[in-house]
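Enquirer: structure for the following, please:
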Amino acid sequence: MAIKFGLTNTGYIAPTYAEWLDDVEDDFRSRFGDDIAITSNSNFGILARILAWRLTEISQQMEQVYYSGFYSTANDSALDRLGANIGVPRKVARPAHTDIKIQTDGEYLIQAGEQFETDDGIVFDLTQDVVTTQSTDGNWYGTGTLESEETGTMNNVEANTITVISNPDDNVVSVTNPKNVSDGQDDEDDESYRNRLIMENTAKPGPTENGIKSALSNLTGVREVSIVSNDTDKVDSYGNLPESIHIYLLGGNRQDIANTLIDCLPAGCVLNGSQAVNAIDMSGNEKTIKFDFATDKPIYVKVNIQTNDQWNADSGASQIKEQIAQAISNLNMGQKVFLTKMYPIVYNIDGVDEATISIGTSKSNLSSSDITVERFEAPSCDLQNIEVVVNGQ
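Expert: Prediction:
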């Protein structure tokens, strides 16, 4: 056969079915004569097509095997094996954890397994018994740890949103979570995992900016890392000290972050941040590590649409809300919110003839302008932040 396939000096070549078929037919003619019948319903034609199809499948499989050896092109289990080679496993879905503050009517025992939830039904389980004690204000309080019943980032709710007792108890006056929940984690998709492996391969965890990002990105629950440097001899506009860095993270456990930073930060590094966590360095000395979690930047959207007969009145508006909310919430920390990228989402919904979209950082301040996001801000959009007006109603 004259056709070239497989690994060559210019890369891997996998011929198409049509190319294989031409090559097999040429081979048949050279062996059995130019006058043989080779149409699709002839014996030689049928054999040629069977061979061409099998050769196509084999060459495509060989191509996949070849490309599975590279970070940039491997997928699924092949990418997992590449990660295992350098000791960086794929992140798996994990439940979220947070503290719960419980006020009761007098001293009271709340047993492990008691469930609490948000107004929209995200359920958390109490992981250990809590006994309330009397505070200086005369009330009875106790603090325990909650674990989300399900895994995933959907459990990373804001502070003071876990306020419902699943099984009402007259002895419990109130419950709340004083801090944001941030360590719930989804299964890591191929693209995120691939980017992390490439970063690990090019910048090993260490004192460089990329090395710090690489080390922090490997932590459970950490979805993004941004580092803002102040290289001047003055306090910058964000209040960062001279010759310092300010590390912002989206997700992650406070103590894990501090333990990682103390191992990879350069000596004498000046840190900024409202999160101050003590960690032990390799010499056994305790130091305070400062950083911040990304600031949530809620985005509000209003969509006015004119529809045609293909519009589904039952689900159309919900589809628009869900897809816009997902698109905004999937943006990276510091990534600008472009108004024009909302229009393809809306027009892809069946039945939409015309659309006008406005966005903003509050429901009362919407416009047709893009929204600039600071490097330490994470854009987000809840379904209740989106209004869809159909045919002016």
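Enquirer: what pairs with V131 across the strands?
Expert: Assessed by DSSP bridges, V131 has beta-bridge partners L109.
Enquirer: I'd say it and E107 touch.
Expert: Yes. V131 lies in contact with E107 (Cβ atoms under 8 Å); the separation is 7.1 Å. Any C-beta I mention is one placed from the backbone N, CA and C, and that applies to glycine too.
Enquirer: and T356, what element?
Expert: strand 352-362 (DSSP states H and E).
Enquirer: hmm, I was thinking of W311
Expert: Using DSSP H and E, no helix or strand contains W311.
Enquirer: and it, what is it in contact with?
Expert: D350, G351, V352, V390 (Cβ atoms under 8 Å, 6 or more residues apart in numbering).
Enquirer: okay if I get these as JSON lines plus distance to P298?
Expert: Formatted as JSON lines, the contacts of W311 follow (distance: Cβ to Cβ, whole Å):
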{"residue": "D350", "distance to P298": "29"}
{"residue": "G351", "distance to P298": "29"}
{"residue": "V352", "distance to P298": "25"}
{"residue": "V390", "distance to P298": "24"}
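Enquirer: where does the chain have low pLDDT?
Expert: Scanning the chain with the threshold set as pLDDT under 70 gives 1-2, 203-204, 206.
Enquirer: geometric centre of the chain: which residue is closest?
Expert: R223 (5.8 Å; Cα atoms, centre = their mean).
Enquirer: what sits against that residue?
Expert: T153, L250, G251.
Enquirer: ok, the first one touching G251?
Expert: In this case it means T153. Yes. T153 is within contact range of G251, at 7.5 Å (criterion: Cβ under 8 Å).
Enquirer: show residues contacting the longest helix along the chain.
Expert: In the chain, assigned by DSSP state H, the helix with the most residues is helix 43-67. For helix 43-67, contacts defined as Cβ under 8 Å, 6+ apart pick out 5-7, 12, 14-17, 20-21, 23-25, 28, 32, 36-40, 73-74.
Enquirer: circling back: which strands or helices does the strand holding T356 pack on?
Expert: strand 300-307, helix 342-347, strand 365-367 (3 or more Cβ pairs under 8 Å, 6 or more residues apart in numbering; DSSP states H and E).
Enquirer: out of these, which is the most enclosed?
Expert: Of all the helices and strands packed on strand 352-362, strand 300-307 carries the top mean neighbour count, a mean of 20, counting by mean count of other Cβ atoms under 10 Å.
Enquirer: list the contacts of the residue nearest to E322 when sequence neighbours are not counted.
Expert: Here the nearest residue to E322 in space, its sequence neighbours aside, is L383; by Cβ to Cβ, 6 or more residues apart in numbering that works out to 6.9 Å. Contacts for L383 (Cβ under 8 Å, 6+ apart) come out as K321, E322, A325.
Enquirer: likewise for N139?
Expert: So N139 contacts Q103, V173 (Cβ under 8 Å, 6+ apart).
Enquirer: same thing but at 6 Å, please
Expert: Taking Cβ atoms under 6 Å, 6 or more residues apart in numbering, we find N139 in contact with Q103.
Enquirer: rewinding a little: list only buried entries from the contacts of L383.
Expert: Taking 16 or more other Cβ atoms under 10 Å as the criterion, what is buried in the contacts of L383 is K321, A325.
Enquirer: which ones among the contacts of L383 map onto helices?
Expert: Counting by DSSP H, the part of the contacts of L383 found in helices is K321, E322, A325.
Enquirer: so which residues of the chain form helices?
Expert: 17-32, 43-67, 76-85, 190-202, 209-217, 254-264, 316-329, 342-347.
Enquirer: for the longest one, list every residue counted as buried.
Expert: Taking 16+ other Cβ under 10 Å as the basis for neighbour counts, the residues of helix 43-67 that come out buried are F44, G45, A48, R49, L51, A52, L55, T56, S59, E63.
Enquirer: same list, those residues, but as CSV with distance to E243 please.
Expert: Converted to CSV, the buried residues of helix 43-67 look like this (distance: Cβ to Cβ, whole Å):
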residue, distance to E243
F44, 79
G45, 77
A48, 73
R49, 71
L51, 70
A52, 67
L55, 64
T56, 61
S59, 58
E63, 51
